[in-house]
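Asker: Structure for this input, please:
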Amino acid sequence: MDQRKLRNRILLFLVVAGIVAYVLVRLSGREPVAKIAAVMPVRDNLVSSISSNGKVEPISPFVMRAPLDTFVEKVTGVEGQQVKKGQLLLELNVRDARAQLDDAEARLLRARDELRAAQSGGKPDEAARIAGDLAKAQGDRDRLLRNHDALERLIAKQAATRDELAANDLSSSNAQAEVKRLSAAKQEFERGVKLDAGRTSLQVQQVQGEIASLRAKVASARITAPTDGTLYALPVKTGDYVKTGDLLAEMADLHRVRVRAFIDEPELGGLVPNEPVKITWDALPNRVWTGRTEVIPKQVVPHGTRSVGELLCAVDNQKLELLPNINVDVKIHSNERTNVLTVPRAAVDAESGHRYVFVVTKNALGKSRLSRRELQLGIADSTNFEVVSGLQENEMVALPGDAVLHDGMAVKIVNTDSAYVRGHSDGR
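Answerer: Residues are numbered from 1 along each chain as shown. This next block holds a predicted model:
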């Protein structure tokens, strides 16, 4: 019970002490003052640039792939060498394809013979046999029909009997049936010939297509350079087994290359075609390559943890130092302003799409306070913003520090950013 009373007394004491301190401060006209650094805006030349990373690509690459499943017979090219159009790079084993080609050509000869036979009415011996059998049957039928008329005249003269006429009529009926059978057989033969003509014609076309494919495979045994350029990829060696579509070689003219720059989404609005570009590569830190922006991104795509637009830049590479697929740094010179009013990026805050600074103002007693003021800003470089409106040269703006800045805040300027002022006064 005593401890509870003690705690209550301590709490009451602290509350009273706080009230007394507040009253004393108000009565004395004093309040806590934050110590801050501040700087005046100065005029300077600004160059707005966008920095990012990118990857080197050939502009018009030639990619050679395996046309069939086979072994690499011989490799004559060397990765990285300059090659001439038509120069042999490697050879493939096409013995199986050549054997398949010989077989297909033999099948084509047979198919063409069958097609010619079908188009001329079928095999000559079979067609002649069917036609001869039908003609003989028709002749027998016609002879028996003539015998029927002769026998009837003889019967009228009592020179022949009714039995002879009946026997002749029976033979005539059999002959007529044989004519019908052979006629049907001839029609079936002719229909089959037409079907064979269509089938063999299709077969000829198929075998011709197969031969064309095999000839192309046999011809592709020699992989040669399609143009002058640099053989920058040769991933196979003698004896390797490759499947259809596997990469054999890549080459291109690398005197001009393309850099695919990955530009973060917030910076895409400042991109336009034909802006100067500088490329650097960590492997050659003292070299700089120049180029121009070409194709502006039309969409944003994920790139790792970033959302980027892929900007295409044409870059001079006359010494062939930039290699395909290497990672480079990209700097795009987009805008330049001369003798404009500037403030440090650190002094500018943003809220709901608006940019503002805290301007240091003084009252009649000479006390300094902060006044929040919205600005219109132009271009920016890595350290400064261009001020379009909202700030005058003789005004002073607060720089961030330990204290959280807010509108109406009482402050004391302990120092200005002298390094910033010197840097601007000497033109840096």
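
Asker: With Tyr356 as the reference, measure out to Ile36.
Answerer: Separation of Ile36 from Tyr356 (C-beta to C-beta, to the nearest Å): 16 Å. For the C-beta atoms, the positions are set from N, CA and C on the backbone; glycine is no exception.

Asker: between those two, who's got more neighbours?
Answerer: Neighbour count, other C-beta atoms under 10 Å: between Ile36 and Tyr356, Ile36 has more, with 22 against 16.

Asker: Wait, a helix at Asp140?
Answerer: Yes - checked against DSSP: H, G, I helix; E, B strand; the rest coil, Asp140 lies within a helix.

Asker: how does this structure divide into domains?
Answerer: Under the assignment automatic domain parsing, the domains of the chain span 29-46+338-425, 62-94+221-250, 96-216.

Asker: For the last one, what does the pLDDT average out to?
Answerer: Yep, that's domain 96-216 we're talking about. What domain 96-216 shows for mean pLDDT is 76.

Asker: The nearest residue to Lys331 once chain neighbours are set aside bridge partners, please.
Answerer: Beyond its immediate neighbours in the sequence, the residue positioned closest to Lys331 (C-beta to C-beta, 6 or more residues apart in numbering) is Lys278, lying 4.6 Å away. Taking DSSP bridges, one finds Thr290, Lys331 as the beta-bridge partners of Lys278.

Asker: need the contact list for Lys278.
Answerer: Going by C-beta atoms under 8 Å, 6 or more residues apart in numbering, Lys278 touches 288-290, 330-331, 333.

Asker: Over to Gly291?
Answerer: With contact set as C-beta under 8 Å, 6+ apart, Gly291 has these partners: 259, 276-277, 279, 313-316.

Asker: Roughly how far does it sit from Ile211?
Answerer: Distance of Gly291 to Ile211, computed by C-beta to C-beta: 48 Å.

Asker: and the residue positioned nearest the centre of the chain, what are its phi and psi?
Answerer: In the chain, the residue lying closest to the centroid (C-alpha atoms, centre = their mean) is Glu310, at 11.3 Å. Backbone torsions for Glu310, taken as degrees, to the nearest 10, come to phi -100, psi 100.

Asker: Identify the bridge partners of it.
Answerer: Per DSSP bridges, the residues bridged to Glu310 are Phe262.

Asker: Can you find the helix or strand in the chain with the smallest mean pLDDT?
Answerer: Of all helical and strand segments in the chain, the minimum by mean pLDDT, DSSP states H and E falls on helix 418-425, at a mean of 42.

Asker: one step back: is there a quick ChimeraX command that grabs whichever of the contacts of Gly291 are buried?
Answerer: The command below creates a ChimeraX selection of those among these that count as buried (16 or more other C-beta atoms under 10 Å):
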select :259,277,279,313,314,315
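
Asker: Need the contacts of Gly291 in CSV (columns: secondary structure and distance to Thr161).
Answerer: Listed next are the contacts of Gly291 as CSV, based on DSSP: H, G, I helix; E, B strand; the rest coil; distance: C-beta to C-beta, whole Å:
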residue, secondary structure, distance to Thr161
Val259, strand, 114
Pro276, strand, 123
Val277, strand, 119
Ile279, strand, 120
Cys313, strand, 115
Ala314, strand, 112
Val315, strand, 116
Asp316, strand, 118
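
Asker: going on from whichever strand or helix holds Phe13, what's the next piece of helix or strand?
Answerer: Element membership for Phe13 (DSSP states H and E) is helix 2-28. Past helix 2-28, heading to the C-terminal end, the next element that is a helix or strand (DSSP H and E) is strand 34-39.

Asker: Residues contacting that next one, please?
Answerer: Under C-beta under 8 Å, 6+ apart, the answer for strand 34-39 is 343-344, 347, 360, 396-399, 401, 403, 405, 409-417, 420-421.

Asker: what pLDDT, on average, does it get?
Answerer: The average of the pLDDT scores along strand 34-39 is 90.

Asker: What strands flank that strand, and is each parallel or antiparallel?
Answerer: strand 396-398 (antiparallel), strand 410-416 (parallel).

Asker: List the buried residues for that strand?
Answerer: By 16+ other C-beta under 10 Å, the buried positions in strand 34-39 come out as 34, 36-39.

Asker: Now do the helix or strand following it: which elements does it pack against?
Answerer: Note on strand 34-39: by DSSP H and E, the next helix or strand toward the C-terminus is strand 42-58. Other helices and strands packing on strand 42-58, by 3 or more C-beta pairs under 8 Å, 6 or more residues apart in numbering; DSSP states H and E, are strand 256-264, strand 306-316, strand 327-344, strand 368-380, strand 384-389, helix 418-425.

Asker: can you put the ones you listed in CSV and add distance to Ala184?
Answerer: Supplementary listing: the helices and strands packed on strand 42-58 in CSV, determined by distance: least, C-beta to C-beta, whole Å:
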stretch, distance to Ala184
strand 256-264, 74
strand 306-316, 74
strand 327-344, 81
strand 368-380, 95
strand 384-389, 100
helix 418-425, 109
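
Asker: Among those, show me which one is buried the most.
Answerer: Using mean count of other C-beta atoms under 10 Å, the stretch among the helices and strands packed on strand 42-58 with the greatest mean number of neighbours is strand 256-264 (a mean of 21).

Asker: Name the surrounding residues that touch that strand.
Answerer: By C-beta under 8 Å, 6+ apart, the surrounding residues in contact with strand 256-264 are 50, 52-59, 271, 277, 279, 291, 294, 297, 303, 306-317, 322, 324, 328, 330, 332.
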